[in-house]
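In: Predicted model and sequence below, questions to follow.
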Amino acid sequence: MSSTEGAPKNVIPAQLLAGQKALVTGANSGIGRATAVALGRAGADVVVNYVAGGDEAEEVVREIAAFGVKAAAYEADVSKEDQVVAMVDRMVQEFGTIDILVANAGLQRDAALTEMTLAQWQKVIDVNLTGQFLCAREATKEFLRRGVVPEVSRAAGKIICMSSVHQLIPWAGHVNYASSKGGVQMMMETLAQELAPKKIRVNAVAPGAIKTPINRSAWETPQAERDLLKLIPYDRVGEPDDIAHAVVGLASDLMDYVVGTTLYVDGGMTLFPGFATGG
């Protein structure tokens, strides 16, 4: 099978999330963009967060608005407490509330251990882990204030943390990134345990190899893609819509009983395919 066969098609019911308000961080490109668009297609009003690339964020807003829902672009650095507080406050004022948080913003600063600077370590932890904590904290305040609105959702709120297969698979040369995602896993599970009695569902999506700008070198050439496919039993590299569809499902009442779970969307990468022939 060609690695491009079986790529995701739009299968999202148009009103699955009707009336809900979603915030997606890091939503002007890649997985965040696809997720924001998919949420809008499902009927949610969407805030598109970005820290750079305002023109791209406005393009996403226009694409979402074409579905007949409300959309807006908010600039904020999720690693800065005051900016996160202001962003969520603004959303509540302008959109009325927040029902869904997709804590997606993330980055890499790769280096071997002995060459990694403290600044590289701290930047990745600040954005990938602390940023998710800050956004989850502020969204939860609004979930608790508003409570459950049954005609909108069975839950008071939904938090979906964007993790990675590298919360499970070690990744040499990327100790800051892998550590941040390991932290996301335990943070998500702890928040889920704490907040479930309050009817707030917290889950995570862990992408495998996805065709996004952050990892273009891993799939851009035919040879690079062939090498990458050795790690993917399903024999295709993922697309941003693969992740977006998983997020929409987790955000909906179709998965109302799913709490504290990481959904690996990786084509089987976490099955450790190197052992398939008898390691």
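Out: Yep, that arrived. Numbering: from 1, shown residues only.

In: Which strands and helices lie in contact with the host helix or strand of residue 36?
Out: Assigned by DSSP states H and E, residue 36 belongs to helix 30-41. Applying 3 or more CB pairs under 8 Å, 6 or more residues apart in numbering; DSSP states H and E, one finds that helix 30-41 contacts strand 21-24, strand 45-50, helix 54-65, strand 100-103, helix 240-251. In short, each C-beta sits where N, CA and C put it, glycine included.

In: Run the chain-centre distance for the longest strand seen in the chain.
Out: For the chain, the longest strand by residue count, based on DSSP state E, is strand 200-207. Centre-to-centre, strand 200-207 and its host chain are 8 Å apart (CA atoms, centre = their mean, to the nearest Å).

In: For that strand, which helices and strands make contact with it?
Out: Applying 3+ CB pairs under 8 Å, 6+ apart, one finds that strand 200-207 makes contact with helix 131-146, strand 157-162, helix 175-195, helix 240-251, strand 262-265.

In: how much does it deviate in direction from helix 240-251?
Out: Counting by axes from the mean of the first three to the mean of the last three CA atoms, to 10 degrees, strand 200-207 lies at 160 degrees to helix 240-251.

In: Quick check: which ranges of the chain have low pLDDT?
Out: Across the chain, the ranges flagged by pLDDT under 70 are 1-10, 216, 219-220, 279.

In: one more time with 50, if that's ok
Out: Applying pLDDT under 50 to the chain picks out residues 1-4.

In: Phi and psi next, for the closest residue to residue 175 other than its chain neighbours.
Out: Setting aside the residues directly before and after it, residue 175 is nearest to residue 113 in space (CB to CB, 6 or more residues apart in numbering), at 5.8 Å. With angles defined as degrees, to the nearest 10, residue 113 sits at phi -50, psi -50.

In: re the thing from before, residues contacting the helix holding residue 36, please?
Out: 10, 12, 14, 17, 22, 24-27, 46, 48-49, 56, 60, 63-65, 67, 69, 71, 100, 102, 104-105, 162, 207, 210, 212-214, 239-241, 243-245, 247-248, 251 (CB atoms under 8 Å, 6 or more residues apart in numbering).

In: swap in stretch 74-91?
Out: With CB under 8 Å, 6+ apart, stretch 74-91 has contacts from 21, 23, 25-26, 47-51, 54, 57, 98, 103, 105, 123, 126-127, 130-132, 134-135, 138-139, 141-142.

In: Check which residues of that stretch are buried.
Out: Buried residues in stretch 74-91, counted by 16 or more other CB atoms under 10 Å: 74, 76, 77, 78, 79, 80, 83, 84, 87, 88, 91.

In: same question, stretch 224-232
Out: Of the residues in stretch 224-232, those buried under the neighbour-count criterion (16+ other CB under 10 Å) are 225, 228, 229, 231, 232.

In: For the buried residues of stretch 74-91, work out which two are farthest apart.
Out: 79 and 91 (18.2 Å; CB to CB).

In: What is the burial count for the residue nearest to residue 175?
Out: Residue 113 has 10 neighbours, counted by other CB atoms under 10 Å.
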